[in-house]
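> Pasting the sequence and the predicted model now:
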Amino acid sequence: MKGALVFIVVFLIGVVVTTSNTSIPPGLNIYYMLGFPDTNYPILGLPAPVFAASILNGVIYGIIAWLLYSLAASTRKQKLEVVVKQEPPKGT
């Protein structure tokens, strides 16, 4: 559940940042590689390429952040299990 929250936060940040600065890769590159034309058709008040690049960047960076969070959480969980499984030293 926390991973989904990480994805949503990074997705929203990625969309907002890319909307204001469209030169952030790889959004526009992917948009043009898919063969879509360069147009000024507005979608929610933004030109179509800017809107598509914003959504693509949000999804891509959100997935990357989610994967990194998941790896870090699983590594932390494994370290905690190792600490719990250790037996106390026997009689001194």
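Structure's in. What do you need?
> So for the least confident helix or strand in the chain by mean pLDDT, what gets flagged as buried?
The helix or strand of the chain with the lowest confidence, counting by mean pLDDT, DSSP states H and E, is helix 48-85 at a mean of 87. Of the residues in helix 48-85, 48-62, 65-66, 69 count as buried by neighbour count, 16 or more other Cβ atoms under 10 Å. Backbone N, C-alpha and C define where each C-beta goes, glycine included.
> Please name every helix or strand in contact with the helix or strand in which Val16 is found.
For Val16, the element it lies in under DSSP states H and E is helix 2-20. Here helix 2-20 touches helix 48-85, going by 3 or more Cβ pairs under 8 Å, 6 or more residues apart in numbering; DSSP states H and E.
> Can you check what angle separates the helix it packs on from helix 2-20?
Angle of helix 48-85 versus helix 2-20, following axes from the mean of the first three to the mean of the last three Cα atoms, to 10 degrees, is 150 degrees.
> Quick check: which helices or strands does helix 48-85 pack against?
Other elements packing on helix 48-85 under the criterion 3+ Cβ pairs under 8 Å, 6+ apart are helix 2-20, helix 27-33.
> I'd like those helices laid out as JSON lines, including distance to Thr75.
Putting the helices and strands packed on helix 48-85 into JSON lines (distance: least, Cβ to Cβ, whole Å) gives the following:
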{"stretch": "helix 2-20", "distance to Thr75": "14"}
{"stretch": "helix 27-33", "distance to Thr75": "30"}
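> where among those is the average confidence lowest?
For the helices and strands packed on helix 48-85, mean pLDDT drops lowest on helix 27-33, to a mean of 92.
> Buried ones in it, by neighbour count?
Buried positions in helix 27-33, judged by neighbour count with 16+ other Cβ under 10 Å: 27-28, 31.
> and the helix or strand just after that helix, average pLDDT?
Next helix or strand after helix 27-33 toward the C-terminus (DSSP H and E): strand 42-43. Across strand 42-43, the average pLDDT comes to 92.
> Can you list the strands that strand 42-43 pairs with?
Paired with strand 42-43 in the same sheet, following DSSP bridges, are strand 46-47 (antiparallel).
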